[in-house]
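[1] next input, structure requested:
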Amino acid sequence: MSTENEGNAVPKAPSAPPVPVDAPAVSADSAGSADSAASAADSRAAAAGAASSGASGASGAAGAGTAGADSGAGVGAGAGVGAGAGSAAAGAAWPPPQPPAVPSYAAGGGSGSGWGASYQPQEPKPGRRRGGLVAAVLAAALVAGGVGGGIGYWAAERNDNDTGSTTVAAADTPADLKREPGSVARIAADALPSVVTIEAQSGSGEGGTGTGFVYDKQGHILTNNHVVASAAEGGKLQVTFSNGKKYAAEVVGRAEGYDVAVIKLKDAPGDLKPLALGNSDRVAVGDSTIAIGAPFGLSNTVTTGIISAKNRPVTSSDGGQSGKSSYMSALQTDASINPGNSGGPLLDGRGAVIGINSAIKPADSGGLGGSGQSGSIGLGFAIPVNQAKHVAQQLIKTGQPVYPVIGASVSIQQDTSNGAMISQEGASGSEAVTPNGPADKAGLKPGDVITKLDDMVIDSGPTLIGQIWTHKPGDTVKITYERDGKEHTVDVTLGQRKGDS
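    Numbering: from 1, shown residues only. Presented below is the predicted three-dimensional model:
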């Protein structure tokens, strides 16, 4: 489980497509005058001249088609003029001259301008087969541009002739529009001033970017431990608000196991607005979610989704700072979450915080790319805010976290889907079941397999730890376990452990 634009320049399109020159109109009076003494040869010459004018129009159409590939306009205009000129030429004399064996636009005809100039393919050079492929691609682009431009011109002509315009004039600018109170735009506008981008830097200069949000008016910021871990020992923290203002900050307390941290602005402004905290216990699958953060350093990014699942067991790390893992019974969301979103708020449809975005599930390695995907694939996980709030209060009050425990070591291997087995031996050779601890008092022994905590099915050690940590020291939970093939149920009153060990 992970906790954490390039392109070629496009040629600028012309501001307006070129307008081909109309062919000179033929006077009906002069053509039909009984006093005309022009010879048949002169008539044929005039017809040939008119046909040449039509060829120029066709050449203009071909040139406009080239522009259509960039601007998508003008080919219809060129084609229309060419056709009109040809019609005029045909009516100038009878019988009309025979069409040339090769179209005039391919024989060098053209107006001579850059837009109307005909396309002259070069003779292929021996041994350069690749040039033919490029030419074929260019030809396809010309056809595509011509078709698109022709359709655009036809549509424009029909709109110009239509008395009922479909154009809607916007009287207000976007800033003047009123957003409904429950809209995403309204919620985002209200929340963004209270969401910050955190830049953490260790003493050696290494670090990264994450997110946090205003917890109270005293300047406390709630975020993930792995966001600020690099700056916890002699490093630097800088917080940037959505309005661009920057503040130095310091770490108040960290809880590695919960992956929660509290930092405080050194010179907090007096107009801080804490985000409202919701009730993560009342969240339902299908509820709308809004995530705010700085994915890949892109501050003030807003994404939306739903609650995909609840009580999802998730194990994550702090990015290698300590090598220790954190465990959570997470809210799963399909709102886009990427590296940099960590520590940011997950909001409900009312704009209240229901979780802290903390982890994503990357795509498995393999497939077409041959490697895993580092960005969002719609599997994001957030620490429920009820748990985060409780931890934050501890950190602000004492600077260290307090964990509920059962007083027994369990295997953290996640490939045992039958439950969480109590180990035969504890850490560093200690006893697996703490003498006189909660598990010992309840009669649990090494080798017992815990299958349920209250009504929650336990399929592994990390799942058990995550579920226990949703409670508080002193809470009584019901544990179901198996021993020698038989199922037993006992009540266990949770103990506590202070600090990260």
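
[2] give me the contacts around whichever strand or helix holds A392.
    Following DSSP states H and E, one finds A392 within helix 385-398. Surrounding helix 385-398, the residues in contact under the criterion Cβ atoms under 8 Å, 6 or more residues apart in numbering are 215, 220, 222, 252-255, 258, 260-262, 277-281, 328, 353-356, 400-402, 469-470, 472. Using the backbone N, CA and C atoms, a C-beta is placed for each residue, glycine as well.

[3] can we see that at 6 Å?
    With Cβ atoms under 6 Å, 6 or more residues apart in numbering as the test, helix 385-398 has contacts from 222, 252-253, 255, 258, 260, 262, 277, 280-281, 353-356, 401-402, 470.

[4] and what of stretch 282-302?
    187-188, 192, 195, 197, 209, 211, 242, 303-307, 333, 335, 337-338, 340-341, 344-347, 349, 354, 357.

[5] residues of that stretch that come out buried?
    283, 287-295, 299-302 (16 or more other Cβ atoms under 10 Å).

[6] confirm for me that V195 is in contact with Y215.
    No - because the distance of 11.7 Å does not satisfy Cβ atoms under 6 Å, V195 is recorded as not touching Y215.

[7] what bits of the stretch 351-500 of the chain have low per-residue confidence?
    In the predicted model, the stretch 351-500 of the chain carries pLDDT under 70 at residues 364-374, 414-417.

[8] can you show me the helices along it?
    For the stretch 351-500 of the chain, helices defined by DSSP state H, counting those that start in this stretch occupy the ranges 385-398, 438-442, 461-468.

[9] buried residues, the first one. List them.
    For helix 385-398, the neighbour count (16+ other Cβ under 10 Å) marks V385, N386, Q387, A388, K389, H390, V391, A392, Q394, L395, I396 as buried.

[10] what does stretch 216-223 give?
    Buried positions in stretch 216-223, judged by neighbour count with 16+ other Cβ under 10 Å: G219, H220, I221, L222, T223.

[11] next one: stretch 480-500
    Buried-residue list, stretch 480-500, by 16+ other Cβ under 10 Å: T480, Y481, E482, V492, L494, G495.

[12] what does that stretch rub up against?
    256, 400, 402-407, 437-438, 442, 448-452, 471, 473, 475-479.

[13] make a markdown table out of the buried residues of stretch 282-302 and add distance to S317 and secondary structure.
    Listed next are the buried residues of stretch 282-302 as a markdown table, based on distance: Cβ to Cβ, whole Å; DSSP: H, G, I helix; E, B strand; the rest coil:
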| residue | distance to S317 | secondary structure |
| --- | --- | --- |
| V283 | 26 | coil |
| D287 | 29 | coil |
| S288 | 30 | strand |
| T289 | 24 | strand |
| I290 | 27 | strand |
| A291 | 21 | strand |
| I292 | 24 | strand |
| G293 | 19 | strand |
| A294 | 20 | coil |
| P295 | 19 | helix |
| S299 | 25 | coil |
| N300 | 27 | coil |
| T301 | 24 | strand |
| V302 | 27 | strand |
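
[14] which one among those gets closest to V433?
    When those are ranked by distance to V433 (Cβ to Cβ), V283 comes first, at 35.1 Å.

[15] model confidence score at the closest one, please.
    Among the per-residue scores, V283 shows a pLDDT of 97.

[16] which ones are touching G343?
    Contacts for G343 were tallied using Cβ under 6 Å, 6+ apart; they are G210, T211, G212, T223, N224, V227.

[17] helix, strand or coil for it?
    At G343, secondary structure determined by DSSP: H, G, I helix; E, B strand; the rest coil is coil.

[18] how much space between it and A185?
    As defined by Cβ to Cβ, to the nearest Å, G343 lies at a distance of 23 Å from A185.

[19] same question, G305
    Here G305 is placed at a distance of 16 Å from A185 (Cβ to Cβ).

[20] neighbour count: the two, which is higher?
    Neighbours were tallied for G305 and for A185 using other Cβ atoms under 10 Å; the higher tally belongs to G305 (20 against 12).

[21] can you give me the buried ones in whichever helix or strand that one is part of?
    G305 belongs to strand 301-317 when assigned by DSSP H and E. Going by neighbour count (16+ other Cβ under 10 Å), the buried part of strand 301-317 is 301-305, 307-308, 310-317.

[22] G378 contacts T333, correct?
    No - the pair G378 and T333 does not pass the contact test of Cβ under 6 Å, sitting 8.6 Å apart.

[23] so which of the two has more stuff around it?
    Set side by side, G378 and T333 show more neighbours around T333, with 29 against 14, by other Cβ under 10 Å.

[24] beta-bridge partners for the more buried one, please?
    I307, G380 (DSSP bridges).

[25] next: P345.
    Under the criterion used (DSSP bridges), P345 bridges to I356.

[26] show me what contacts it?
    Contacts for P345 were tallied using Cβ under 6 Å, 6+ apart; they are F213, L275, I292, V353.

[27] can you tell me how far it is from S183?
    In this structure, P345 and S183 are 18 Å apart, going by Cβ to Cβ.

[28] same deal with I383?
    Using Cβ to Cβ, one obtains 27 Å as the distance from I383 to S183.

[29] likewise Q496?
    Plainly put, Q496 is 44 Å away from S183 if you go by Cβ to Cβ.

[30] name the nearest of the buried residues of stretch 480-500 relative to S501.
    Distances from S501 to the buried residues of stretch 480-500, taken as Cβ to Cβ, are shortest for G495 (14.1 Å).

[31] pull the helix holding A392 out as PDB, backbone CA atoms only.
    Included here for helix 385-398 are C-alpha records, laid out as PDB according to Å, rounded to 0.1, in the frame of the first residue of the first chain:
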ATOM      1  CA  VAL A 385     -12.000  11.800  11.300                       C
ATOM      2  CA  ASN A 386     -13.400  10.500  14.700                       C
ATOM      3  CA  GLN A 387     -10.200   8.600  15.200                       C
ATOM      4  CA  ALA A 388      -8.000  11.500  13.900                       C
ATOM      5  CA  LYS A 389      -9.800  14.000  16.200                       C
ATOM      6  CA  HIS A 390      -9.100  11.900  19.300                       C
ATOM      7  CA  VAL A 391      -5.400  11.500  18.300                       C
ATOM      8  CA  ALA A 392      -5.100  15.200  17.600                       C
ATOM      9  CA  GLN A 393      -6.400  16.100  21.000                       C
ATOM     10  CA  GLN A 394      -3.900  13.800  22.600                       C
ATOM     11  CA  LEU A 395      -1.000  15.300  20.600                       C
ATOM     12  CA  ILE A 396      -2.000  18.900  21.400                       C
ATOM     13  CA  LYS A 397      -2.400  18.100  25.100                       C
ATOM     14  CA  THR A 398       0.700  15.800  25.700                       C
END
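
[32] give me the angle between it and helix 461-468.
    Taking axes from the mean of the first three to the mean of the last three Cα atoms, to 10 degrees, helix 385-398 and helix 461-468 form an angle of 70 degrees between their directions.

[33] what about the stretch 201-350 of the chain, any weak spots by pLDDT?
    Residues of the stretch 201-350 of the chain that meet the criterion pLDDT under 70 lie in 318-323.

[34] can you map out the helices along it?
    In the stretch 201-350 of the chain, the helices defined using DSSP H, counting those that start in this stretch lie at 225-228.

[35] which parts of it are strands?
    In the stretch 201-350 of the chain, the segments counted as strands under DSSP state E, counting those that start in this stretch are 207-214, 220-223, 236-240, 246-255, 260-265, 288-293, 301-317, 325-333, 345-347.
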